[in-house]
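*Asks:* here's my sequence, what's the structure:
(chains A, B, C and D)
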There are 2 protein chains.
Amino acid sequence: MKETESPDATTEQKIKEAARTVFHKKGFAATRTRDIAEEAGINLALLNYYFRSKKKLFDIIMIETLDIFKHTMISIFNDKNSSLEQKVELIASNYIDFITNEPDIPMFLLNEMRSNIDDLMEKIPVKPIVMDTVFYNQYMEAVNNDIITEMNPMIFLTNLLSLIVFPFMGKPLLQKIDDADDAQYEKMMQERKKMIPVWIKSMFYRP
Amino acid sequence: MKETESPDATTEQKIKEAARTVFHKKGFAATRTRDIAEEAGINLALLNYYFRSKKKLFDIIMIETLDIFKHTMISIFNDKNSSLEQKVELIASNYIDFITNEPDIPMFLLNEMRSNIDDLMEKIPVKPIVMDTVFYNQYMEAVNNDIITEMNPMIFLTNLLSLIVFPFMGKPLLQKIDDADDAQYEKMMQERKKMIPVWIKSMFYRP
DNA sequence: GTCTATAGGGGGATAGAC
DNA sequence: GTCTATCCCCCTATAGAC
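*Replies:* The predicted structure is shown next:
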């Protein structure tokens, strides 16, 4: 029973919320179904009653977590009313807010992907999500107009995601180096919302 | 029994090599001592004979893995014969080579750190390793001489590490987006050795 | 739907022969 | 030191009462 619990939710919802929390934090292998039951404030047997097995419950959580990412990406990458520069601001701002609220998700996804890539990628066709987008077309146009110096959009995207995501994944290490408490660290992340677009511009835009 | 095996090594060494490989790839929770025994080509009982328990063996591997990182950092950060710009090149080049050979280590370390930060940080005092260094002094001097625009060395270091490490951790995802095979992906990493110092310069150095 | 009790199996660890 | 056989606990999953 924890702060994540919604007392008036259905049992099924409570179990899923708890599973989300625990799986995200500890990963599949380190999670015990007992942890989930306790977190949900229900009996262990109910977990199997509703979801049949640990693996089936995990798969549901994984799909839903991937879907959140997918939809966030699709909506930002396909916004027709924003310029390329504005999209970079949107991506930085939205993902930093998102990961601040769900700090375990990046490690969870990339860690579980290590073992089950092909499984997962069947369900989420990630290439068209990035390549068949307004973002991609705008990027190529900027390259053709000599506004951007890097021809390969993957390099651009890799660096953008690196600057956004890595500071969250490396937090346990970076925080110790800097002697920062959680509030200071979050403030640093908030400041990165403004700085990342500036940095990206100095890296890739012709001066 | 695998390509990592050294046939003429002592049994103890073979078990440690195998444990390294399997723990790095799957993490503590997902690793079975039987996996390690099989990888080492020895009997399961020998693992306990030499190392008493799975946890004790894991702790040894973890300490050794952290030590590799520590020594690499210390030696680069304290080189008196290299300028700050050269250090950035060295860090990018050495770490990209290192992680190319040991691609599981970043995920392994950061993932296991999530649960056991304080445990580990007692053993590796990471702050002085970065702060009491030639690198730090050179950075501060560059700030005072108005060569560098960002006053906080942590921001500089965070971005540098992000650009180096994240592409490895995000490989399962990024590789799918780009439809790249392993050879292409490694080539991309090699090119980043040259590009990262250039990018860092455009982000932080006064033009 | 929700509980208690328990079956069933996997995995860490050990006993004991060689 | 190295093996086979086995113990035993913990964890997933189910049976069955309510």
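*Asks:* can we go C-alpha only for contacts and neighbour counts from here?
*Replies:* Noted.
*Asks:* distance between the host helix or strand of residue A:71 and the chain's centre?
*Replies:* Under the criterion of DSSP states H and E, residue A:71 resides in helix A:54-77. Offset of helix A:54-77 from its chain centre (CA atoms, centre = their mean, to the nearest Å): 9 Å.
*Asks:* show me which residues of chain A sit near chain B.
*Replies:* With the criterion set to CA under 8 Å from any CA of the partner chain, chain A comes near chain B through A:26, A:29-30, A:107, A:110-111, A:113-115, A:117, A:126-128, A:130-131, A:154, A:158-159, A:162-163, A:165-167, A:169-170, A:172-174, A:176-179, A:199-200, A:202-203.
*Asks:* pull out the buried residues from those residues.
*Replies:* Buried residues within the residues of chain A next to chain B, counting neighbours by 16 or more other CA atoms under 10 Å in any protein chain shown: A:26, A:107, A:110-111, A:113-114, A:126-127, A:130-131, A:154, A:158-159, A:162-163, A:165-167, A:169-170, A:172-174, A:176-178, A:199-200, A:202-203.
*Asks:* pretty sure residue A:43 is in contact with residue A:37, am I right?
*Replies:* Yes - using CA atoms under 8 Å, residue A:43 makes contact with residue A:37 at a distance of 5.8 Å.
*Asks:* the more surrounded of these two?
*Replies:* Using other CA atoms under 10 Å in any protein chain shown, the more surrounded residue of residue A:43 and residue A:37 is residue A:37, with 20 against 13.
*Asks:* I figured residue A:193 hits residue A:95, correct?
*Replies:* No - counting by CA under 8 Å, residue A:193 sits too far from residue A:95 to count as a contact (9.2 Å).
*Asks:* which of the buried ones among the residues of chain A next to chain B fall in helices?
*Replies:* Counted as lying in helices by DSSP state H, out of these, are A:26, A:107, A:110-111, A:113-114, A:126-127, A:130-131, A:154, A:158-159, A:162-163, A:165-167, A:169, A:172-174, A:176-178, A:199-200, A:202-203.
*Asks:* and the closest residue to DNA strand C within chain A, what's its pLDDT?
*Replies:* Using CA to the nearest atom of the strand, residue A:43 is the residue of chain A that sits closest to DNA strand C, at 3.9 Å. Listed pLDDT for residue A:43 reads 97.
*Asks:* how near is it to residue B:128?
*Replies:* When distance is defined by CA to CA, to the nearest Å, residue A:43 is 48 Å away from residue B:128.
*Asks:* same question, residue A:169
*Replies:* Distance, residue A:169 to residue B:128, by CA to CA: 21 Å.
*Asks:* if we can go back for a sec, show the backbone phi and psi for the residue of chain A closest to DNA strand C.
*Replies:* Per-residue torsions, residue A:43: phi -80, psi 150 (degrees, to the nearest 10).
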